[in-house]
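Trainee: for reference, the sequence and a predicted model appear below.
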Amino acid sequence: MSAKSFSFPTQSLARWYQKFKRDLPWRKNPTPYFVWISEIMLQQTQVQTVLPYYHRFLKRFPTLKALASASEQEVLALWSGLGYYSRARNLHRAATMVQEKHKGKFPSTKGEILELPGIGAYTAGAILSIAFHQAVPILDGNVKRILSRFYLETAQSSLWELAETLVTDAQSRAIDPSDFNQALMELGALVCLPEHPQCLGCPLQNDCLSKKEGVQHLYPPKEKINKTVRQTFALFVISEGNQFLLRHRSNQERQFKNMWEFPMVSTPFAADKEKAVREFREQTGFSVEIKKSYPYFAHSITHHRLKIWPFMARFDSKNGTRKGNGFKWIPKDKIKTLSSSSILSKTLARMNDI
Ligand code: SF4
């Protein structure tokens with residue numbers, strides 16, 4: 001146990017939780033299935049928003065078997081309006097996996113749970129501690145905020161270690177890990193609020209270092225928000241006979257490592273085909289003539305928003321080279337078998353005449 005954890009008022013927190021915890025439906029009968037559904041729904045979503053969805057979802061899928069037997073379309077329809085639809089797809093896929101691989105019984109080890117789609121360290125910790133009463137830590141935004149303020153700690157790995165030490169220590173004092181972890185989450189949701197922590201009503205106030213120093217608002221430090229980067233590209237689909245010129249990105253590149261793509265260049269003038277051709281020649285050495293232009297399409301990667309103008313082109317017969325470093329002629333029927341980003345498939349979908 002780290003020296004830091006000794007000063008934590010575990011008993012006071014446990015008493016506070018018994019007195020103030022909210023009456024939430026997933027707390028009534030915390031089976032692994034119910035805890036899992038609630039935790040996935042609560043990701044990036046407020047409790048009040050989740051409540052009607054939770055009731056409707058469990059009315060239609062009261063068991064994991066019912067969820068696994070449904071079609072993905074039906075699951076998505078019940079999720080409609082809750083957003084982040086990959087959560088619903090992963091729930092459905094994970095239910096099918098549990099049904100097939102674990103004979104319908106929700107696994108109870110961290111390794112097995114982490115194999116399920118859509119479940120990371122936080123959700124695994126929530127299921128293992130709340131439903132299986134195992135001393136496994138959780139570190140959601142609420143818990144992170146409390147521990148960061150309480151110990152003036154900022155490193156994510158140290159916060160995980162503290163969360164683990166504390167839940168293990170709680171169990172050794174006969175406090176159920178389920179109650180202890182939920183108490184931390186509840187304190188973060190009701191008292192240790194991001195902007196205005198209610199320290200005078202907090203069971204941790206006598207030992208909290210950030211309160212002692214009056215620096216609650218500095219912990220945890222705000223994460224830098226990546227600003228959206230917008231870029232415009234001109235993309236060239238260049239063919240000769242049945243072959244197309246593709247470029248292979250090396251694994252040194254920042255994006256699309258080891259992927260094949262139609263050659264494209266970043267230029268603010270991509271909408272203007274003459275300027276796009278000139279930029280393409282300057283950046284690649286290839287001289288081309290445009291055969292056909294297409295409307296642009298959008299593509300997003302993390303915080304990058306790309307606008308891509310595709311052109312069908314051929315080499316200018318009078319000028320330039322047909323070879324370049326990283327470029328290769330690929331037969332048309334091989335293109336779809338190469339590893340590529342979805343920019344390539346989006347381009348092909350738009351050029352259904354090639
Ligand atoms: S005393 Fe204040 S800052 Fe510290 S844990 Fe409690 S609410 Fe948060």
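Mentor: Arrived safely, thanks for sending.
Trainee: which positions in stretch 198-215 come out as buried?
Mentor: For stretch 198-215, the neighbour count (16 or more other C-beta atoms under 10 Å) marks C199, C202, P203, L204, Q205, C208, L209, S210, K211 as buried. All C-beta spots, glycine's among them, are computed from the backbone N, C-alpha and C.
Trainee: what of stretch 280-291?
Mentor: For stretch 280-291, using 16+ other C-beta under 10 Å, the buried residues are F280, R281, T284, F286, S287, V288, I290.
Trainee: assign the first one to helix, strand or coil.
Mentor: This means F280. When classified by DSSP: H, G, I helix; E, B strand; the rest coil, F280 comes out as helix.
Trainee: SS state for the nearest residue to it once chain neighbours are set aside?
Mentor: In this structure, F280 finds its nearest non-sequential neighbour in V265, 5.3 Å apart by C-beta to C-beta, 6 or more residues apart in numbering. Following three-state DSSP, V265 is assigned to strand.
Trainee: also the one 4 residues further on?
Mentor: Using three-state DSSP, the secondary structure recorded for F269 is coil.
Trainee: that one: how many residues sit nearby?
Mentor: F269: 15 surrounding residues under other C-beta atoms under 10 Å.
Trainee: I figured it hits F280, correct?
Mentor: No: if you go by C-beta atoms under 8 Å, F269 and F280 don't touch, sitting 10.6 Å apart.
Trainee: mind listing the shared neighbours of the two?
Mentor: Contact criterion C-beta atoms under 8 Å, 6 or more residues apart in numbering; residues shared by F269 and F280: A234.
Trainee: near the ligand, which residues of the chain?
Mentor: Where proximity means C-beta under 6 Å from any ligand atom, the interface of the chain facing the ligand comprises 146, 149-150, 191-192, 197-199, 202, 204-205, 208, 210-211, 216.
Trainee: most widely separated two among the residues you listed?
Mentor: Spanning the widest gap among these are F150 and Q198, at 14.5 Å by C-beta to C-beta.
Trainee: tell me the pLDDT of R322.
Mentor: Here, the pLDDT recorded for R322 equals 66.
Trainee: circling back to that earlier point, helices - which of the buried residues of stretch 198-215 land there?
Mentor: Counted as lying in helices by DSSP state H, out of the buried residues of stretch 198-215, are L209, S210, K211.
Trainee: tell me the contacts of the last one?
Mentor: If I follow you right, that is K211. Contacts for K211 (C-beta under 8 Å, 6+ apart) come out as R149, P197, C199, C202, Q205.
Trainee: can you put the buried residues of stretch 198-215 in CSV and add pLDDT?
Mentor: What follows is the buried residues of stretch 198-215, written out as CSV (pLDDT from 0 to 100):
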residue, pLDDT
C199, 98
C202, 98
P203, 98
L204, 98
Q205, 97
C208, 97
L209, 95
S210, 97
K211, 97
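Trainee: how much space between the one residue in the stretch 1-150 of the chain that gets nearest to the ligand and E195?
Mentor: Nearest residue of the stretch 1-150 of the chain to the ligand: R149, at 4.1 Å (C-beta to the nearest ligand atom). Shown here: R149 relative to E195, a distance of 13 Å by C-beta to C-beta, to the nearest Å.
Trainee: show me the strands in the stretch 101-250 of the chain, by range?
Mentor: 229-240, 243-248 (DSSP state E, counting those that start in this stretch).
Trainee: check the offset of the longest one from the chain's centre.
Mentor: On the basis of C-alpha atoms, centre = their mean, to the nearest Å, the separation between the geometric centre of strand 229-240 and that of its chain is 28 Å.
Trainee: using CSV, write out every CA atom in that strand.
Mentor: Coordinates of each C-alpha in strand 229-240 appear next as CSV, following Å, rounded to 0.1, in the frame of the first residue of the first chain:
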residue,chain,number,x,y,z
VAL,A,229,-7.3,21.1,-38.3
ARG,A,230,-9.0,21.7,-41.7
GLN,A,231,-7.2,20.7,-44.8
THR,A,232,-8.1,20.6,-48.5
PHE,A,233,-6.6,18.0,-50.9
ALA,A,234,-6.7,17.4,-54.6
LEU,A,235,-6.7,13.6,-55.3
PHE,A,236,-5.8,12.2,-58.6
VAL,A,237,-7.0,8.8,-60.0
ILE,A,238,-4.5,8.3,-62.8
SER,A,239,-5.0,5.3,-65.1
GLU,A,240,-3.2,3.6,-68.0
